[in-house]
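K.L.:
what follows is a predicted structure for the sequence shown.
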Amino acid sequence: MTQSALKTYMNRAGIKSNRELASLTGIKHATVDNIAKHPTTARGYQIREIAGACGMSAAEVVEVFTRG
């Protein structure tokens with residue numbers, strides 16, 4: 001199984017799990033699981049919260065959350 005692109009940034013921020021990310025962002029755990037599998041389904045406010053929690057730059061956000 002390959003690691004999701006989002007997991008790289010979670011690890012860098014010291015976030016150990018999707019459940020922890022959900023707690024930090026206020027996004028439901030099931031939704032975070034879905035976003036981790038399919039990042040392009042994330043809504044704008046979800047991207048903002050996840051990027052903030054993970055300390056992602058704008059370029060990293062584009063890399064993870066677009067089909068690029």
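P.N.:
It's in. The shown structure was predicted, so the numbers you read here are calculated from the model rather than taken from an experiment.
K.L.:
enumerate the positions of the strand or helix carrying residue 59 that are buried.
P.N.:
Taking DSSP states H and E as the definition, one finds residue 59 inside helix 58-65. Judged by neighbour count (16 or more other C-beta atoms under 10 Å), helix 58-65 contains these buried residues: 60, 61, 64, 65. C-beta coordinates here come from the backbone N, C-alpha and C atoms, glycine included.
K.L.:
what do you get for stretch 26-35?
P.N.:
So stretch 26-35, judged by 16+ other C-beta under 10 Å, has buried residues 27, 31, 32, 35.
K.L.:
just send those back as JSON lines, with distance to residue 8 and secondary structure too.
P.N.:
Output for these, formatted as JSON lines (distance: C-beta to C-beta, whole Å; DSSP: H, G, I helix; E, B strand; the rest coil):
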{"residue": "27", "distance to residue 8": "19", "secondary structure": "coil"}
{"residue": "31", "distance to residue 8": "20", "secondary structure": "helix"}
{"residue": "32", "distance to residue 8": "15", "secondary structure": "helix"}
{"residue": "35", "distance to residue 8": "14", "secondary structure": "helix"}
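K.L.:
same list (those) but as a markdown table, adding distance to residue 50.
P.N.:
Written out in a markdown table, the entries for the buried residues of stretch 26-35 read as follows (distance: C-beta to C-beta, whole Å):
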| residue | distance to residue 50 |
| --- | --- |
| 27 | 7 |
| 31 | 10 |
| 32 | 8 |
| 35 | 7 |
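K.L.:
fine by me, we can end here.
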